[in-house]
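> Based on what follows, work out the 3D shape:
(chains A and B, ligands or ions: 2)
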Amino acid sequence: MKSSDRSLLAGREYVGVDKIDGPLVYVRKTHPVGYQELVEVVDKTGHVRLGQVLDTSEDAVVVQVFEGTTELTMPTTRVRFRGEPLSLEVSEGMLGRVFNGLGVPIDDGPAPVGEEERDVNGLPVNPTARLYPRDFIQTGISVIDGMNTLIRGQKLPIFSGNGLPHNELAAQITRQAKIRGGESNFAVVFAAMGVKHDVARYFIDSFESSGVLENVALFLSLADDPSIERLITPRSALTLAEYLAFDKGMHVLVILTDMANYCESLREISTLRGEIPSRKGYPGYLYSDLAEIYERSGMIEGRSGSITQLPILTMPNDDISHPIPDLTGYITEGQIVFEREMNGRNIYPPVAGLPSLSRLMKDGIGGDMTREDHPHLASQLFAAYSYVKDVRNLASVIGEEELTPLDHKYMEFGEAFERQFVSQAVDEDRTIEETLNLGWEVLRKLPAEELHRVTDEELEKYYEG
Amino acid sequence: MSERVVGTVQRVNGPVIEARDISDAMMMELIHVGDVGLVGEIIKLSGTNATIQVYESTTGIAPGDPIYGSGMPLSVELGPGLMGQIYDGIQRPLVRLKDRSGAFIERGEEEPALQREKKWPFVPELEAGVQVKGGQILGSVQESERVQHRICVPPLLSGTLKSLAPEGEYTVTDEIAVVEDAEGNEHKLTMMQRWPIRNPRPTAQRMPLTTPLITGQRVIDTLFPLSKGGTVAIPGGFGTGKTMTQHAIAKWCDADIIVYIGCGERGNEMTDVLTEFPELVDPRTGTSLMERTILIANTSNMPVSAREASIYTGVTLAEYYRDQGYHVAIMADSTSRWAEALRELSGRMEEMPAEEGFPAYLPTRVAEFYERAGIMNTLSDREGSVSIIGAVSPPGGDFSEPVTQHTKRFVRCFWALDRQLANARHYPAIGWLDSYSEYINDIIGYWTQQVGEQWAEDRREIMDLLQREVRLQQVVKLVGPDALPDSQRFVIEVCSLFKNGFLQQNAFDDVDRYSTVMKQARMLELILTYWRKGRDAIKQGATIVRLRKMKVVQDLIKMKFNIENDDEASFDKLQARLERSFDRLESLYEE
Ligand SMILES: Nc1ncnc2c1ncn2[C@@H]1O[C@H](COP(=O)(O)OP(=O)(O)OP(=O)(O)O)[C@@H](O)[C@H]1O
Ligand SMILES: [Mg+2]
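Ligands and ions are numbered 1, 2, ... in the order given. Below is the predicted model of the structure:
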């Protein structure tokens, strides 16, 4: 059948479905329905729930219903296939507003006037059209700016754990982030998946108190919303982000929290469909699915905006090798890893020095971007701190008294590094110069011969000076 | 797209389509689905049903949609114009797609891989009337400043050369020769050929691997060398340096041609290559690095079945240049994403899984891929090679998983990336305990010839010291370093110097980013001189503190940054200074 003929059938309604299983609805003997087509499922009260085709054949169509299937009955449920993919009407007017995961306003305001309709799945960016991100974002947080620099257009997740201050850090970054000497045409798109109301409240209050709320669009699919809606939430959010960044030239910061909840919903669907799991019950396509989300960031040549992603995920059992953080790390451009032990010692932000990484840092720091000593200084801090970890292990075996004088110096350096350099207040906004100078200050705990990663000139200028 | 309907869609499940009413379609035939014309391939035939793997997003495809046949298997176009290009997994030219439809990749786009309008200067090398056989060189084209493209008779054809075009400018579709085969059929040849990506191209003979692929990376060339035509796996958890290592090799290795396959990885990494390579100059030829590079980019957000194909597309292009007598190196980043694509497709086809959901044929596919490497006597009687450098991304960084394990069976060199080293920012994070190279004995001859007999001995000795150091470190962990005698602490000291001053190599430093064979050998020699003389000095009563405080040690640590690749004189000077320092030290003790 020609697709033009098919569009005539779009919208035709079927009364009664053949099977309901969790969020999935099965409809038999339909007209030819397209893969991933948008579906309207109407319950007996006349309320319309949106869904999407997961599998289509001549015998049956499988639909996943984003608003859940609670209270649907087999004979009374009506199903309409829309003949087009799930889309979102986007506009600048969506800033300052609150939506559910599908982009329906839930803040009592009028429906925003859409400027354009976009498929929420987006399209892959042609790699030759990307612009390599290089602009340094000053977050005012030393351990990020100094050692895991955030770059405009980067996707840099926070790997956290339950009860750790990832929301505080994300909010602080949002408040303080600036481009040096840069313009202010910015927006925040915030997507909440399965988090509690108070978390959403915390972010809203934080945006409000820093006066940016009218530049923020929120997509909320909270803990008590149907879990399946979370699968669309980040896609809706990124569809708007792409519009704002690449059509309206805005610099968009996208916060996605909590990606672990997103992955769990994906697992739920996969299990229901009886798919062969890979690790820990997660589907084999978890990597590709996450990539479809995370890769919707960056910069595009000829367009002035950018999308910077700050996904937050709580690592189940604080285990970084769990499939969710693991596959995320394989896709994103680095990660900020939290350490419970540092949090216990009251170090905020509790960023683990060694496993954290920013891959785009190399092209965004140094000479005219931050300061010429930055690359070597960062590398030296990593190297020295890594040795501190060895010395601490040794000390725990043989006792601190038995350490060599040099190792004692490393112990002191480790303390200073964590207490002075990493640690800072939730409202403390340090300039990059302050951060770098602080880095040298803690390095002065070590003798110059130990500093192999910096040049003699740098030693002279910053270490002795 | 042809109008020959070969079947009808029955079911759509992600990239896998079940079709009915199959007429004369063949196995592995390239097909198009629906009015949008999505590219796909027939992967299973059974009665009048077929299973099809589609290389683009199947959104909107519905039962009843037509399937069009093409009459040929999924193939690549081979000919002048490949060099410097960037293609997706099924060889669509990404730059021209962008020029046509913008920054995002739409579906159902078709664009020939080789530009049809461009004219190339062809220079014939034969006369009409001679007998030719498959693979024989007919003439050549200067494809880029760096690469002379040799136009060969298609591998499976032989006969009489009835005509050959005179020197001149031709497009890739202009006829340049006619060959009459034994049956008297005439074959019109152009500069372009097609080859099905899943079939290895024939060669005359495999040859022994005796020459290293010099990568300029010291830990590789000196400790775990790869030979031209060899295979190596780079396994490592996320962020341990697989991509950086592959980029470094793609930039500085002494292959003639690089095929870089971004298989299911980040878009920005391809952009990085695209922006950086044209700016970098190949130290051996003085031409831009892009002049010898072909990129295949099927990033993680691009369709998963094209990711499966990208590996074969890449290796087929490599074989094509090998057949012209070139040494080609392939980087595949990451073969795990390719294996996962296999797994996803297999799952959608509801096949019985083996380990961790991977299909039972995974090891066969891995083996087939790596078997396409080798140094060959080509059909045109030249020497050419394909070396394969495959990244592996084990879940959780755990090397016991199926892809790492099966890959290990079929490669002869293993560069194990170590999380601890990466965390300490010791780059390249290639661990010296878990890595190995089975090529070492084959290529010692090359090193001996280049830098002398001493090298093999030096290498053996440093490997030995690294092993001893591990055992000593275990003792230190229990009782602290003070418990060891100075002679043993000195082993630790020398290894630390070797790690800092030799193994660590900064990819971003203009001097350090690659080292020539000479520089590597001299650095190794200097560090071992320090070891041998220091060891003797300790025997005569020198203390470890003294040895550590020698000023020249700082020079040894920083020689990688301070001495340029060809600066033998500076190495001589440093050697002399080192010896003088020891002389002074000895005289102190003799008094
Ligand atoms: N040789 C090197 N020199 C300097 N930095 C390096 C080197 N190797 C790796 N790095 C650092 O480590 C980071 C991660 O390296 P890379 O991107 O190669 O990891 P990967 O193993 O490919 O990770 P993934 O599996 O997630 O793709 C780089 O961004 C860079 O900061
Ligand atoms: Mg990589």
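> Residue A:112 reaches residue A:104, doesn't it?
No. Counting by CB atoms under 8 Å, residue A:104 is not a contact partner of residue A:112; they are 10.7 Å apart. To be clear about C-beta, it is placed using only N, CA and C from the backbone, and glycine gets the same treatment.
> Between the two, which is the more surrounded one?
residue A:112 (19 against 13; other CB atoms under 10 Å in any protein chain shown).
> How about the contacts made by the more buried one?
A:89, A:91, A:93, A:94, A:97, A:105 (CB atoms under 8 Å, 6 or more residues apart in numbering or on different chains).
> What of residue B:507?
Going by CB under 8 Å, 6+ apart, the list of residues near residue B:507 reads B:244, B:247, B:248, B:427, B:428, B:513.
> From ligand 1, how far off is the closest residue to the fourth one other than its chain neighbours?
Which is residue B:427. In space, and not counting its chain neighbours, residue B:427 is closest to residue B:241: 5.8 Å by CB to CB, 6 or more residues apart in numbering or on different chains. Distance, residue B:241 to ligand 1, using CB to the nearest ligand atom, to the nearest Å: 3 Å.
> Ligand 1 contacts on the stretch 301-450 of chain A?
By CB under 6 Å from any ligand atom, the residues of the stretch 301-450 of chain A that approach ligand 1 are A:330, A:357, A:359, A:362.
> I'd like to know which of the contacts of residue B:507 is nearest to residue B:410.
Closest to residue B:410 out of those is residue B:428 (22.9 Å), distances taken as CB to CB.
> In this structure the closest one contacts residue B:244, no?
Yes. Using CB under 8 Å, residue B:428 makes contact with residue B:244 at a distance of 7.2 Å.
> Looking at those two, which has the bigger crowd around it?
residue B:428 (28 against 18).
> so what's the more buried one up against?
Applying CB under 8 Å, 6+ apart, the residues contacting residue B:428 are B:217, B:219, B:220, B:241, B:244, B:245, B:248, B:417, B:505, B:507.
> Which of the three states applies to it?
Recorded secondary structure, residue B:428: coil (DSSP: H, G, I helix; E, B strand; the rest coil).
> what about the helices in the stretch 51-200 of chain A?
A:142-147, A:166-176, A:197-209 (DSSP state H, counting those that start in this stretch).
> roughly how far apart are residue B:185 and ligand 1?
Taken as CB to the nearest ligand atom, the span from residue B:185 to ligand 1 is 50 Å.
> Tell me how far that residue lies from chain A.
41 Å (CB to the nearest CB, to the nearest Å).
> And residue B:548, by the same measure?
9 Å.
> what about the strands in the stretch 1-150 of chain B?
B:5-13, B:16-20, B:29-33, B:38-46, B:49-54, B:66-73, B:75-78, B:86-87, B:120-124, B:131-132, B:137-142, B:148-152 (DSSP state E, counting those that start in this stretch).
> Take these and lay them out in TSV including distance to chain A and mean pLDDT.
Listed next are the strands of the stretch 1-150 of chain B as TSV, based on distance: least, CB to the nearest CB, whole Å; pLDDT from 0 to 100:
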stretch	distance to chain A	mean pLDDT
strand B:5-13	3	92
strand B:16-20	7	92
strand B:29-33	11	91
strand B:38-46	11	90
strand B:49-54	10	92
strand B:66-73	9	91
strand B:75-78	19	96
strand B:86-87	6	96
strand B:120-124	23	97
strand B:131-132	39	95
strand B:137-142	25	96
strand B:148-152	23	96
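> Any idea which of the ones you listed gets closest to residue A:171?
So among the strands of the stretch 1-150 of chain B, strand B:86-87 is nearest, using CB to CB, at 39.9 Å.
> By proximity to ligand 2, which residue of chain B wins?
Residue nearest to ligand 2 within chain B (CB to the ion): residue B:243, separated by 3.1 Å.
> Identify the bridge partners of the residue lying closest to residue B:44 once chain neighbours are set aside.
Counting by CB to CB, 6+ apart, residue B:44 lies nearest to residue B:51, which is 3.8 Å off, once chain neighbours are set aside. Counting by DSSP bridges, residue B:51 is bridged to residue B:18, residue B:44.
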